[in-house]
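>>> Dropping a prediction and its sequence here:
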Amino acid sequence: MTRLSVNINKVALIRNSRGQNLPDLAKVAVDCENFGAQGITVHPRPDERHIKYDDLPILKEVVTTEFNIEGYPSEKFTKAVCAVKPHQVTLVPDPPGALTSNEGWDTIGKKELLIPIIQSFQDQGIRVSLFLNAEEDLVKAAKECGTDRIEFYTGKYALNYSDSPEKAVKMHKTAAKTAVNYDLGINAGHDLNLENLKYYRQNVANLLEVSIGHAIVCDALYYGLKSTILMYRSLLV
């Protein structure tokens, strides 16, 4: 069964819009777990427009499933993550002003950068996942970087799903088989939703975890948070 990690960035964005602690981010995280989430994901950005660095130790105290922190491994990010020691850190190659994560690491060209960074997190007992485009050569290079897992960027899959699900998932199926051969765990995230999630899970081998935030918050406006999380969980069985 593939685990569901709920990204609560958009909840923090709503909170920040009024300058108060409403909604209470820690309570939402706990409620998500109580409603069926098997992990909580956050992605602090340099401008702290949603998740703030001060949120990280608070969330670490209350999250009882799996705490996953995403982000670009700047000095500030690395120091904060090592201080909190989440279960998993997912490294993304976002430049400082990026609106969202829409591309994976060039694990070939950035190998020398990534190797010591990955090792520094692992030395702290933190599992490392690299955000990655679904390409076989990048998967191989990710293994050479020493990462524990990879997280396939699924934005292009989601964009092309309505035209041809089979074509949209083809590279992911192939890259997943390569990852299994290299003994890499596989996560996935970006624009997965109620329409395209089940097909992706059925076709990508050894899919351990998906991280979903924006779609869950949007669906929760109609179905409620508890019902929405249960709907997503049902697609991952």
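Sure, I can see it.
>>> which residue is nearest the centroid of the protein?
The structure's the chain has its C-alpha centroid closest to residue 211; by Cα atoms, centre = their mean the separation is 4.3 Å.
>>> Quick check: next helix or strand after the helix or strand where it lies?
Per DSSP states H and E, residue 211 falls inside strand 207-212. The helix or strand immediately downstream of strand 207-212 is helix 214-223, counting by DSSP H and E.
>>> So which residues make contact with the strand holding residue 211?
Strand 207-212 has contacts (Cβ atoms under 8 Å, 6 or more residues apart in numbering) with 2-7, 38-39, 41, 66, 68, 70, 90, 149, 151, 176, 185-189, 192-193, 197, 200-201, 232, 236. No exception for glycine: its C-beta is placed from N, CA and C like everyone else's.
>>> 7 Å instead?
Outside strand 207-212, the residues within contact range by Cβ atoms under 7 Å, 6 or more residues apart in numbering are 2-7, 39, 41, 68, 185-189, 192, 201, 232.
>>> what's the spacing between residue 67 and residue 202?
28 Å (Cβ to Cβ, to the nearest Å).
>>> Show me which positions of the lengthiest helix in the chain end up buried.
Taking DSSP state H as the criterion, the chain has its longest helix at helix 165-181. For helix 165-181, a neighbour-count test (16 or more other Cβ atoms under 10 Å) marks 165, 168-169, 171-172, 175-176, 178-179 as buried.
>>> between the residues you listed, which is nearest residue 125?
The shortest gap between residue 125 and any of the buried residues of helix 165-181 belongs to residue 179, at 22.8 Å (Cβ to Cβ).
>>> dump the residue contacts of the closest one.
Contacts for residue 179 (Cβ under 7 Å, 6+ apart) come out as 139, 150, 186.
>>> Filter those down to just the ones in helices.
Among these, the members falling in helices (DSSP H) are residue 139.
>>> Save the contacts of residue 179 as TSV, and put in neighbour count, pLDDT and distance to residue 216 too.
Shown next, in TSV, are those (neighbours: other Cβ atoms under 10 Å; pLDDT from 0 to 100; distance: Cβ to Cβ, whole Å):
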residue	neighbour count	pLDDT	distance to residue 216
139	26	98	27
150	32	98	22
186	25	98	20
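>>> any chance you could map the strands in this protein?
Under the criterion DSSP state E, the chain contains strands at 3-7, 39-42, 67-71, 88-91, 127-132, 149-153, 185-189, 207-212.
>>> tell me the contacts of residue 194?
Residues counted as contacts of residue 194 (Cβ under 7 Å, 6+ apart) are 219, 231-232.
>>> now these as JSON lines including pLDDT?
Formatted as JSON lines, the contacts of residue 194 follow (pLDDT from 0 to 100):
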{"residue": "219", "pLDDT": "98"}
{"residue": "231", "pLDDT": "98"}
{"residue": "232", "pLDDT": "98"}
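>>> and of these, the nearest to residue 131?
Relative to residue 131, the closest of those is residue 232; by Cβ to Cβ it sits at 20.4 Å.
>>> Just list the residues touching the closest one, thanks.
Residue 232 makes contact with 4, 194, 197, 212, 216 under the criterion Cβ under 7 Å, 6+ apart.
>>> could the contacts of residue 179 be laid out in a markdown table, adding distance to residue 81?
Compiled in a markdown table, these are given as follows (distance: Cβ to Cβ, whole Å):
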| residue | distance to residue 81 |
| --- | --- |
| 139 | 24 |
| 150 | 18 |
| 186 | 21 |
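>>> In the chain, where is pLDDT below threshold?
Applying pLDDT under 70 to the chain picks out residues 95-101.
>>> mind redoing it with 80?
For the chain, the stretches flagged by pLDDT under 80 are 94-102.
>>> related to what we said a few turns ago, have a look at residue 67 and residue 202 and say which one is more surrounded.
residue 67 (23 against 11; other Cβ atoms under 10 Å).
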